[in-house]
Structure formats: structure tokens, C-alpha cells
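Engineer: Sequence first, then the predicted structure:
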Amino acid sequence: MFNLSTRFQNAANQTLTTSIVISAVIIIITFIQLYQDDVWHISSSSISNIKPSASIKYSYNYGSSNRKPKENSKVIFDLDADLSSLFNWNTKQVFAYVTAEYPGKTDGSSNKITYWDKIIINKEDAKIHLINQKSKYSVWDIEGSFRERDAILKLEWNIQPYLGPLIFGETLSSTNFTFAKVQSPKSKSP
Amino acid sequence: MNVRQQLQQLLTLAYVFTSAFILWKTLSIITNSHSPIVVVLSGSMEPAFQRGDILFLWNRDDHAKVGDIVVYEIKGKSIPIVHRVLREHHSKDFAKQLLLTKGDNNPVDDLGLYAKKQMYLNQKTDLVGTVKAYLPKLGYVTILISENVYFKFGLLGLMCLSSLFSNE
């Protein structure tokens, strides 16, 4: 029995099977290559010279609600990293981001924020060398203030492939810093 | 052509539709998401995701990490949004987790997209899923069907024609 619909069904089945097999092969080879390049242990990165600053904002766009004061934090930092090993034939883009992790108010609670991020499309741009880089975002906490807590700064990455699973990781280096105290003009007067 | 043959064809058609439906619902149960596969509709995550790309979601993680790309829905707005987690705040053992998201290609975070007075997403209630895998471009067919009238009726006409031919 050869009519149009069986013919079409056969072709569709064949295409589906072939593409699933090819996709699986692509994904497996990608992972083997990433393990060979040891991308989860990138040590050639460092964040240094961190200069945090703090200010008080009253706008909704800076996390304030009902005009209550909200402390916003920014940092200036130096960043050196070589992420070029993340680029192989199945890498569409790498998203690199600098995060800060710090404890919350109650026991066991924790927070993680992003200060800076970058979309990298070419392998040539994957060698990051920044000096006195300002943070991209003005960051606020769920509490009103960062209360000069200690935080850990890290460089993390995400590979967006042409096909297959998203892959995440972080570089081995991490740097500690303390959130800045708000410089308010009132506190200066005795 | 007799009645029996026509009923047989109707049954085959019903079989095709129900099996597709069952497959979709099974995927829904496995991933714990009401739409486990989504098609990207906007360019706010370019160049990572373009219009028409297919994303596979998973919604059984007990927490989201910063850098994860999540799909969320805002109450009162029916369009799901695919954006990256910019900040997360959680209590002990992730009993409660609040997220702030942003599209890679957007200049500012998603505060303006959330409901009025909403400052964060709730990981437990607002997420449709976390993006785990990616297929390029193939979902463009669904965009064509939903947005292009000629394509929609052309496809319908083609299906009708083929069913007419297969009757013989």
C-alpha cells in the first residue's frame, strides 16, 4: 500500500530518528570535549582590587517601595580571566557573570547577586582583562541595608550551545570583600 | 466506500490526536511543568535565544541558581517570559526563594514586567520551568501557524487534500 500519507509518515519517522541520533552524538562529543579541556577547573582567573560603595535610593527602580530608603551597592573591580577554553564548535555564546554571595538575616538563609555580566560571542573576546571596571548593576538586598556583611565574589559562566543542554560552571578563584558603609552627610556632624 | 472504512479512518485520526495529547501530558508530569516545551517569541535573550528556538524545561529543582534561565508567568498576564536569574534570596533549605530576573539583551531588569508592586518572583509559584536544553529554529513553524494566516490555511488545505487522496 503506497499512498501519499504512508509515504509522508515513513519520511517523517526516518527524519525524526536520524535527527535524534545525530543530536545525541553531538551532545556526547560536546561533553567529552569539555571534560578534556577541563573547563570546570579554570584557574586562570582573578578578581582583585575590589572597591565597594553604597548609596541610599528612594526609587522603585532601585528596589525601594513606598519611598522607604533602600541601600544600593556598587563595586569597582579588576578582572582577569581566560575563558577561551569554553569555546568549541558547539558554543554559540558564553555568558560570563560576576556574582557575590552573602548570608541572610536568619540561620541558613543566603543571597546571591550579580554585579556584572557579559555576553561573549567570539573566542577572541574570551580573554577578559578589566581594570577599574564599574559594576553593571546597582544592587539592593531584600533587607533595607547590606549591614556591612562579608561577601564572596566569583566569576561564573554559562555556555549556550548551538544544540543541546545549557552548561554552567564557575572559575576556581574567589575573592572576599565587605559591603561598604553608607557615607551619609548627617553622620559626620557630632 | 463503506461506512466501516470511514469509521476506521475516524478512529485512526482520533488515535493520532490522543497519542499526541498523552505524550504531551506525560512530559508535563515528568517535568512538573504545564508546558514542558516552549517556543521563544521575543528577542530579549538574543543572541542566546532567537525567535522560533525550542526550549526544554524542567520544573523539579527545589531552587534556582543565579545564571539559570527560567520561564515565568506573571499573574494576570498570559505570556510566559524566558529570562535569566540575576539575583536570588532564599531562606533555610530553600523553603522560600525570591528571584529577580533580566533578559540578556534588555538594558534593565524585569521590575517593569512584574505585576504592580511586585519586587520579586517566587520560585515555588511563578516559574513554569528552568531551561535545560535547546534546539534552534525548529519552533518557527508554530510561529508561522499562529501569526501567518496564509500559512495556516495553506497547511489546512494541504492536510485536507492529502486526506482526500489517501481515501482511494
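Structural biologist: Yes, it's here.

Engineer: for chain B, which helix is longest?
Structural biologist: For chain B, the helix with the greatest residue count under DSSP state H is helix B:3-31.

Engineer: residues of that helix that come out buried?
Structural biologist: Buried residues in helix B:3-31, counted by 16 or more other CB atoms under 10 Å in any protein chain shown: B:T31. Bear in mind the C-beta positions are built from the backbone N, C-alpha and C, glycine included.

Engineer: Wondering if it reaches chain A at all.
Structural biologist: No - under the criterion of CB under 8 Å from any CB of the partner chain, helix B:3-31 makes no contact with chain A; the nearest approach is 9.7 Å.

Engineer: and the very next helix or strand once past that helix with chain A, contact?
Structural biologist: Under the assignment DSSP states H and E, the closest C-terminal helix or strand after helix B:3-31 is strand B:37-39. No - Strand B:37-39 lies out of reach of chain A by CB under 8 Å from any CB, never closer than 14.2 Å.

Engineer: centre of the chain versus the helix or strand following strand B:37-39, how much separation?
Structural biologist: Per DSSP H and E, the first helix or strand lying C-terminal to strand B:37-39 is strand B:54-58. Strand B:54-58 sits 7 Å away from the centroid of its parent chain (CA atoms, centre = their mean, to the nearest Å).

Engineer: ok now the helix or strand that contains A:L153, how far from the chain's centre?
Structural biologist: Using DSSP H and E, A:L153 falls within strand A:150-161. Centroid separation for strand A:150-161 versus its chain: 4 Å, with CA atoms, centre = their mean.

Engineer: for stretch A:150-168, same thing?
Structural biologist: 6 Å.

Engineer: List the buried residues for it?
Structural biologist: A:151, A:153-161, A:163-164, A:166-167.

Engineer: and it, average pLDDT?
Structural biologist: Mean pLDDT, computed over stretch A:150-168, is 95.

Engineer: Tell me the helices and strands packed up against the longest helix along chain A.
Structural biologist: If you go by DSSP H, chain A has its longest helix at helix A:4-36. Counting by 3 or more CB pairs under 8 Å, 6 or more residues apart in numbering or on different chains; DSSP states H and E, the packing neighbours recorded for helix A:4-36 are strand A:164-165, helix B:149-166.

Engineer: re earlier: now the buried residues of stretch A:150-168 in JSON lines, with distance to B:G43?
Structural biologist: Converted to JSON lines, these look like this (distance: CB to CB, whole Å):
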{"residue": "A:A151", "distance to B:G43": "33"}
{"residue": "A:L153", "distance to B:G43": "31"}
{"residue": "A:K154", "distance to B:G43": "29"}
{"residue": "A:L155", "distance to B:G43": "27"}
{"residue": "A:E156", "distance to B:G43": "24"}
{"residue": "A:W157", "distance to B:G43": "23"}
{"residue": "A:N158", "distance to B:G43": "19"}
{"residue": "A:I159", "distance to B:G43": "20"}
{"residue": "A:Q160", "distance to B:G43": "15"}
{"residue": "A:P161", "distance to B:G43": "19"}
{"residue": "A:L163", "distance to B:G43": "20"}
{"residue": "A:G164", "distance to B:G43": "22"}
{"residue": "A:L166", "distance to B:G43": "18"}
{"residue": "A:I167", "distance to B:G43": "23"}
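
Engineer: for the record, mean pLDDT for the helix or strand containing B:L144?
Structural biologist: Here B:L144, judged by DSSP H and E, is contained in helix B:140-147. Helix B:140-147 shows a mean pLDDT of 86.

Engineer: got the contact list for it?
Structural biologist: By CB atoms under 8 Å, 6 or more residues apart in numbering or on different chains, the surrounding residues in contact with helix B:140-147 are B:39, B:41, B:51-52, B:151-152, B:155.

Engineer: circling back to that earlier point, orientation of the longest helix of chain B relative to helix A:4-36 in degrees?
Structural biologist: Between the axes of helix B:3-31 and helix A:4-36, defined by axes from the mean of the first three to the mean of the last three CA atoms, to 10 degrees, the angle is 20 degrees.

Engineer: Averaged pLDDT, helix B:3-31. What do you get?
Structural biologist: Rounded mean pLDDT across helix B:3-31 is 91.

Engineer: what about it, distance to the chain center?
Structural biologist: For helix B:3-31, the separation from the chain centroid amounts to 21 Å (computed by CA atoms, centre = their mean).

Engineer: Repeat that for stretch B:114-122.
Structural biologist: When C-alpha coordinates are averaged (CA atoms, centre = their mean), stretch B:114-122 and its chain have centres 21 Å apart.
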